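Q: generate coordinates for the sequence data below:
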Amino acid sequence: MADEKQKRLCDEVRIALLSRIDYCGDGYRKRLMECGFNLAKLEQVAFLVLVGGLVHNEGLKERIQEELAEEKVKPKKKRRSRADVIDRVLSEVAEELAKQIPSITLPGTEKKIRLYIMTSPAYDGKYGAAIAERLAVLRPDDIRHWAKASEHLPLEPAPHEKFKEIACLVPRTTSFRSKYDSTAVDRVVEDYLNTAKKAYAPVVIVGCFNVNFHKPAGGESSIHIIGLPGSSRIEENRASENQVGLTILRITNDGNLFVKSHNFNDLVVRERESINISPKYNKTTQRVLEQFKHRTWWTLGLLSEKLGVPRDELKKTLNSIVKRPRLNPPLKYDESSQRYFIPRPWIQKNVTYPYPWPTKEFIEERFLSFGCLHALCRHTAHEFMLDEMPKLMLKYNIHHLIGGGDFIEGRSHGLPENGELLFGATYDAQEKFAAWLVAEVLLRVFKERIQKLTQTADKKLFTDEAAVLNFIKATLPDFWYIPGNHDEWTERVAFEALTVFRYELFQLVRRGVTETLKNTGLVVPAILEQFIESTMVKMSPLDAAMHSSGVSLSLNHLHMGRTQTKTIRSQALLGATTAVINIHANFHTALSMSRFDPNIGQRVVQQIGTLKLRSGFEDRKGKKVDFGVGYLRVGLEQRGNEKVILMHEVALFGDPAKYQSIENRGFIESFKKKIFGKKI
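A: Model (predicted):
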């Protein structure tokens, strides 16, 4: 087992990242924290990091004030000093946490997985570090307290030479309220970069703000930036708090970084559904308590009207529950508001969070998205589409290809004159070439999969059109796309964007699929053309359509420039669409984020970079681009007629160092063999 663990650590490193358990605060949930630690164990992480938020500053101060108030009523000679009271409270909190924070081991081993704890002066307060220190003393086998606001954690053994360490940061001061998730995180990162005490870590993780986004390293940012969700119920909004969950950072030996998020928002919103009513209550009482699963409080009048029970009779039942505080759940009555409610301390300790995985497997869907291809631009890495994208789709079992617009370079803004457009190509030549590139990706994946599938398939099915059509459905990726502003330049002369592209793409895929079927000995279904047409879906801006994955999808290509606030464009889209998955491009920068909507559920946004290495336009504005394609894997749970996202994993694939810009002559020579005999 030790050898297997060592091999896995060499192949990849997995790290569990959590923040804001907020002990002593109203949002603390013991069972939610346990859910996160259990998932970390199942993910087989090397270690865990609590990046700030061990205790809730205000809640801890209230507890200290209550203890001091109790001390004041004692006879003067028996009173303890303020310092002694505070010391006792800190020790009590540390002892309580030592019992409540789970201790986990790797499956099949006795060795405990280490937990590193960082505390934030802004969120844990001035006593947070002292509690963490005492906690580490109480749990020396698995807990370590790292006292600085920025800590570098080495990865040994390192899975790749690019990733030898990570940096975890917590805010020193309280952030101003912000509408955008990246604002507060960026301030902490800027402080880290400005301090410059040592070489920057390749991955920087920021806790305490209850957000969930990943800014990949590339042109715009030299480092990966990850903002963490919290691990407690959100009871206050100090920055732009919205996300509750667990983050798993996965770094592989091929130099890729994956950010996986387990969504707890949905569990927290429905937390009262798990309230267990004691069988010792009679049926009438159980019926009354059942109503407290659906809202936090009831007045006598509202509950009487809801249940159709006379007030006098109902009041007797409620008062009998209040008088039995040891049964589950207990009730309390607040005289000033005349409301009945389940006390918060009981909720904090007893409500459970039944996360379905791995007992129930997710319904998994995987997307590969590219944007801003700019076909026939001299700065575009056309080889990447041909050489890398089919391999990525096969390696990661991706069945959904997304095109985020700007398939062509276009002919406006002097592009043919300044040499950025290869050959000075016409619009139809550009669209045909873009179609050929996309068709090659789809067909190479299809050919590999269909040949593998037919090796083990019943040969009797080879002449069954329905069976062969199912083979095609299982092996040919679908392709959803949207025109970009460069594509729409043709509309200035009343020619709909990407008309030639779509026609050419359909013909190429139809011919390629037909040829592969015949060469494999499979019958060609009569409805093949109709099916292929259905897999190529052209989207319109802000539309939310039901995707073949079973969730709503919106593709957009906003006609505006990038901003310094990283998440501003992605969050604007969430306000403009109702889709669960939102993918957009145009800014030549990459980012992934999620936000929770109680009416829709967890929503994921992926902003796609570009397949251009650079552009004259951006060079002259001092801007760099994020090169590559976006990977999105979602774990869905079926609920009635809908699917909701409980897990998603993101990555950016692409190494611009492998490619270079070319001139017209160089392009012709490098592609002569690949396009010889092809009509473009």
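
Q: worst mean pLDDT across the helices and strands of this protein, which element?
A: Sorting the helices and strands of the chain by mean pLDDT, DSSP states H and E puts helix 2-11 at the bottom, at a mean of 53.

Q: which element follows that helix toward the C-terminus?
A: Sequence-wise, the next helix or strand beyond helix 2-11 is strand 12-18, with elements assigned using DSSP states H and E.

Q: which residues touch the helix or strand hosting residue 303?
A: Here residue 303 sits within helix 300-307, counting by DSSP H and E. Residues from elsewhere that reach helix 300-307, judged by CB atoms under 8 Å, 6 or more residues apart in numbering: 287, 288, 291, 298, 309, 310, 311, 314, 315, 318, 338, 340. Where you see a C-beta, it was placed from the backbone N, CA and C, and this is true even at glycine.

Q: backbone phi and psi for residue 193, please?
A: Main-chain torsions, residue 193, degrees, to the nearest 10: phi -70, psi -40.

Q: that one contacts residue 199, doesn't it?
A: No: with contacts defined as CB atoms under 8 Å, residue 193 does not count as touching residue 199, sitting 11.4 Å away.

Q: the closest residue in space to residue 615 that isn't next to it in sequence: neighbouring residues, count only.
A: With sequence-adjacent residues excluded and distances taken as CB to CB, 6 or more residues apart in numbering, residue 615 is closest to residue 379, at 5.8 Å. Applying the criterion other CB atoms under 10 Å, we find 22 residues in the vicinity of residue 379.

Q: list the contacts for residue 379?
A: If you count contacts by CB under 8 Å, 6+ apart, residue 379 has them with 420, 612, 613, 614, 615, 661.

Q: let's see it at 6 Å
A: Going by CB atoms under 6 Å, 6 or more residues apart in numbering, residue 379 touches 612, 613, 614, 615, 661.

Q: one more: residue 568?
A: Listed by CB under 6 Å, 6+ apart, the contact set of residue 568 reads residue 180.

Q: where are the low-confidence patches of the stretch 151-300 of the chain?
A: 239 (pLDDT under 70).

Q: got it, and the chain?
A: Low-confidence segments of the chain, defined by pLDDT under 70, are located at 1-10, 239, 665-680.

Q: was I right about residue 332 contacting residue 344?
A: No: with contact defined as CB atoms under 6 Å, residue 332 and residue 344 do not form a contacting pair (9.5 Å).

Q: ok so, going back, quick one, which of residue 193 and residue 199 is more surrounded?
A: residue 193 (12 against 8).

Q: helices along the stretch 301-450 of the chain, start to end?
A: Taking DSSP state H, counting those that start in this stretch as the criterion, the stretch 301-450 of the chain contains helices spanning 311-322, 344-350, 382-387, 389-395, 427-456.

Q: could I get those as CSV with mean neighbour count and distance to residue 303?
A: Compiled in CSV, the helices of the stretch 301-450 of the chain are given as follows (neighbours: other CB atoms under 10 Å; distance: least, CB to CB, whole Å):
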stretch, mean neighbour count, distance to residue 303
helix 311-322, 15, 6
helix 344-350, 16, 19
helix 382-387, 19, 63
helix 389-395, 18, 56
helix 427-456, 20, 58
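
Q: closest one to residue 606 among these?
A: helix 389-395 (15.0 Å; CB to CB).

Q: for that closest one, output the C-alpha coordinates as PDB.
A: Coordinates of the C-alpha atoms in helix 389-395 are reproduced here as PDB (Å, rounded to 0.1, in the frame of the first residue of the first chain):
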ATOM      1  CA  MET A 389      -7.300  18.800 -29.400                       C
ATOM      2  CA  PRO A 390      -8.200  15.300 -30.700                       C
ATOM      3  CA  LYS A 391      -5.700  13.800 -28.200                       C
ATOM      4  CA  LEU A 392      -7.300  15.800 -25.400                       C
ATOM      5  CA  MET A 393     -10.800  14.600 -26.300                       C
ATOM      6  CA  LEU A 394      -9.700  11.000 -26.400                       C
ATOM      7  CA  LYS A 395      -7.600  11.100 -23.300                       C
END
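
Q: which elements pack onto that helix?
A: Helices and strands touching helix 389-395, as assessed by 3 or more CB pairs under 6 Å, 6 or more residues apart in numbering; DSSP states H and E, comprise helix 427-456.

Q: what's the following helix or strand after the helix it packs on?
A: With elements assigned by DSSP H and E, the helix or strand that comes after helix 427-456 is helix 465-475.

Q: does residue 136 touch residue 142 like I think?
A: No: counting by CB under 6 Å, residue 142 is not a contact partner of residue 136; they are 9.5 Å apart.

Q: coming back round to it: for the contacts of helix 300-307, work out which two are farthest apart.
A: 287 and 338 (21.3 Å).

Q: between the two, who's got more neighbours?
A: When residue 287 and residue 338 are compared on other CB under 10 Å, the one with more neighbours turns out to be residue 287, at 14 against 11.

Q: now the more buried one: phi and psi?
A: For residue 287, the backbone dihedrals are phi -70, psi -40 (criterion: degrees, to the nearest 10).

Q: with adjacent residues omitted, what lies nearest to it?
A: Sequence neighbours aside, residue 307 is the residue nearest to residue 287 in space, at 7.0 Å (criterion: CB to CB, 6+ apart).

Q: for the one you found, give its distance to residue 300.
A: When CB to CB, to the nearest Å is the yardstick, residue 307 and residue 300 sit 11 Å from each other.

Q: do residue 456 as well
A: Computed with CB to CB, the distance linking residue 456 and residue 300 is 67 Å.

Q: likewise residue 268?
A: Noted for residue 268: a distance of 28 Å to residue 300, by CB to CB.

Q: who's more crowded, the two?
A: Looking at residue 268 and residue 300 with other CB under 10 Å, you find the greater number of neighbours at residue 268, namely 21 against 16.

Q: for the more buried one, list the residues it contacts.
A: For residue 268, the contacting residues are 233, 244, taking CB under 6 Å, 6+ apart as the criterion.

Q: how many residues are close by residue 518?
A: Every residue meeting other CB under 10 Å relative to residue 518 is counted, giving 11.

Q: got phi/psi on it?
A: Dihedral angles (degrees, to the nearest 10) for residue 518: phi -60, psi -40.

Q: ok, now residue 536?
A: The main-chain torsion angles of residue 536 are listed as degrees, to the nearest 10 and equal phi -110, psi 100.

Q: who is it paired with across the strands?
A: residue 479 (DSSP bridges).

Q: any idea how far it is from residue 477?
A: Taking CB to CB as the measure, residue 536 and residue 477 are separated by 11 Å.

Q: equivalent analysis for residue 468, please.
A: Noted for residue 468: a distance of 17 Å to residue 477, by CB to CB.

Q: next: residue 341.
A: Separation of residue 341 from residue 477 (CB to CB): 52 Å.

Q: of those two, which one has the most company?
A: Set side by side, residue 341 and residue 477 show unequal neighbour counts under other CB under 10 Å, the larger going to residue 477 at 21 against 18.

Q: just checking, the more buried one touches residue 397?
A: No: distance between residue 477 and residue 397: 10.6 Å, which falls outside the contact criterion (CB under 6 Å).

Q: ok so, going back, and residue 96, which of the helices of the stretch 301-450 of the chain is closest to it?
A: For residue 96, the closest of those is helix 344-350, at 10.8 Å, according to CB to CB.
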